[in-house]
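Engineer: Only the shape, not the letters, is given here:
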């Protein structure tokens, strides 16, 4: 039960044999569950009373994180030290006007080398390896560098609300920097956390000094953690019992492609892509529960006075599975990565090319399997087509509640079909198998998307935004 390409510890090999899962997955789950048990220790016994306690919190989180990394990745964990060291040298030596670009370039090159190595020597493998944590680390380091750029050149250019919120006015101290990157809450599976939010957590300033009037209770992560653990448990049942019933290899079988009716192909692709998402739901929800259990992730109170522990939420399961349009669905998926892409690329690139560049960076960040690029380029096309279709149709179906509900029902269905159609190449990884499946699907959604972009506006004039002329 230990893959030949796996470099982590085999201490839990007997357990992996017992449960019938590979040891890399067992190591990951055991480490995350251990982190969940350790997290309340930080929350209860290491509160941020003073500077001494703050330093203890950093060291405690760092040491636990390094031990977890060693169990899961063995000697590969040296990458988790080398990349931050290189980037810190860049940060303290480069011109503030360029640090965000140079750090992004260094991180992408480093991550690319790891992706290429994995693709050469472990082609098509889904075994846990160091590229996962490095991908999260790339998000953190590049976001930190972008925040420093925004903070150090403050006043020299226009900044968005997001850039103002996460700007950093001075270079972090080495301990702050390395604990931010390697703390046990986020080292294995994220979620991506911005440096400012992490420092607020360390100092305890993420909690209000005085409760607002509408608050029903003092901040406590207990209910949030229990809720997320319940979702994690349900996802684990789906992964263990149902996912094996729908192997991805079916997508490339001759019987499936040639003999199966078109509607059956569409349905199977819908099912298999939906089930694949449960693996991410499990990992991200468990990681979020670990963060919350340590007191990290509190975002305030809503209008009803209920606590909100969604600062680090990486997934909105309801939003993904029932989003009423393509944009809402994408925004609900991997929210930390979406926010990172928006922060480091979308808001900084030319408006003419920011959508394509953002999707390209996302594919580049994931690796070099052709299936990734098929997925994200298709996603860029679907984003533009969905935007155009909404401009053409939405305002025409808002006259009454029944019509609006019917419109929403249709868009939910189309969005689910589009999501499945777009993401199955991500599972297959390879170009020709993905194109072959598309061939037997008649490229039907590609054709519809191109029609929506280039022909629909002439047939159904889109809603035009009327701007008042400046006096």
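Structural biologist: Yep, that arrived. Just so we're clear, the structure is a prediction, and the values are computed from it rather than from any experiment.
Engineer: Could you break this structure into its assigned domains?
Structural biologist: 13-203, 222-459 (automatic domain parsing).
Engineer: and the first one, how far out from the chain's middle?
Structural biologist: Domain 13-203 sits 14 Å away from the centroid of its parent chain (CA atoms, centre = their mean, to the nearest Å).
Engineer: Just the endpoints, please. Distance across it?
Structural biologist: End-to-end distance for domain 13-203, by CA to CA, to the nearest Å: 39 Å.
Engineer: elements contacting the host helix or strand of residue 111?
Structural biologist: Residue 111 belongs to helix 99-121 when elements are defined using DSSP states H and E. Packing partners of helix 99-121 (3 or more CB pairs under 8 Å, 6 or more residues apart in numbering; DSSP states H and E): helix 79-93, helix 131-152, helix 354-366. For the C-beta atoms, the positions are set from N, CA and C on the backbone; glycine is no exception.
Engineer: What is the subsequent helix or strand relative to the second one?
Structural biologist: Put plainly, it is helix 131-152. Next along the chain from helix 131-152, counting by DSSP H and E, comes helix 161-165.
Engineer: which residues are in contact with that following helix?
Structural biologist: Identification of contacts with helix 161-165 by CB atoms under 8 Å, 6 or more residues apart in numbering yields 146, 150, 196, 339, 342, 343, 347.
Engineer: Could you rerun that using 7 Å?
Structural biologist: When contacts are defined by CB atoms under 7 Å, 6 or more residues apart in numbering, helix 161-165 is touched by residues 150, 342, 343, 347.
Engineer: gap between the longest helix along the chain and the chain center?
Structural biologist: Assignment by DSSP state H gives helix 262-293 as the longest helix of the chain. Centroid separation for helix 262-293 versus its chain: 13 Å, with CA atoms, centre = their mean.
Engineer: Distance check, residue 354 against residue 380.
Structural biologist: Residue 354 sits 11 Å away from residue 380, taking CB to CB, to the nearest Å as the criterion.
Engineer: Between the domains of the chain, which one is closest to residue 216.
Structural biologist: Across the domains of the chain, residue 216 has its closest neighbour in domain 222-459 (4.3 Å, CB to CB).
Engineer: how far out from the middle of the chain is the closest one?
Structural biologist: How far domain 222-459 lies from its chain's middle: 11 Å, per CA atoms, centre = their mean.
Engineer: Quote the end-to-end distance of that domain.
Structural biologist: OK, domain 222-459 end separation, CA to CA: 54 Å.
Engineer: what mean pLDDT does that domain have?
Structural biologist: Here domain 222-459 scores 93 as its mean pLDDT.
Engineer: repeat for stretch 86-106
Structural biologist: Across stretch 86-106, pLDDT averages out at 94.
Engineer: With stretch 189-203 instead?
Structural biologist: 95.
Engineer: Residues contacting it, please?
Structural biologist: Residues from elsewhere that reach stretch 189-203, judged by CB under 7 Å, 6+ apart: 48, 54, 57-58, 136, 139-140, 143-144, 147, 166, 168, 172, 176, 180, 186, 206, 283-284, 287-288, 295-296, 311-312, 314, 336-337, 340.
Engineer: Out of the helices and strands packed on helix 99-121, which one sits most buried?
Structural biologist: The highest mean neighbour count among the helices and strands packed on helix 99-121, using mean count of other CB atoms under 10 Å, belongs to helix 131-152: a mean of 23.
Engineer: can you map out the strands along this structure?
Structural biologist: For the chain, applying DSSP state E gives strands covering 300-301, 307-308.
Engineer: which helices and strands does the last one pack with?
Structural biologist: Contact partners of strand 307-308 among helices and strands, from 3 or more CB pairs under 7 Å, 6 or more residues apart in numbering; DSSP states H and E: strand 300-301.
Engineer: Could you name the helices and strands sitting against the strand it packs on?
Structural biologist: Under the contact criterion of 3+ CB pairs under 7 Å, 6+ apart, strand 300-301 touches strand 307-308.
Engineer: Now do the buried residues in stretch 303-314.
Structural biologist: Residues of stretch 303-314 classed as buried by neighbour count (16 or more other CB atoms under 10 Å): 307, 309, 310, 311, 312, 313, 314.
Engineer: returning to what we had before: just want the angle from the helix holding residue 111 to helix 354-366.
Structural biologist: Angle, helix 99-121 to helix 354-366, by axes from the mean of the first three to the mean of the last three CA atoms, to 10 degrees: 50 degrees.
Engineer: Fine by me, thanks again.
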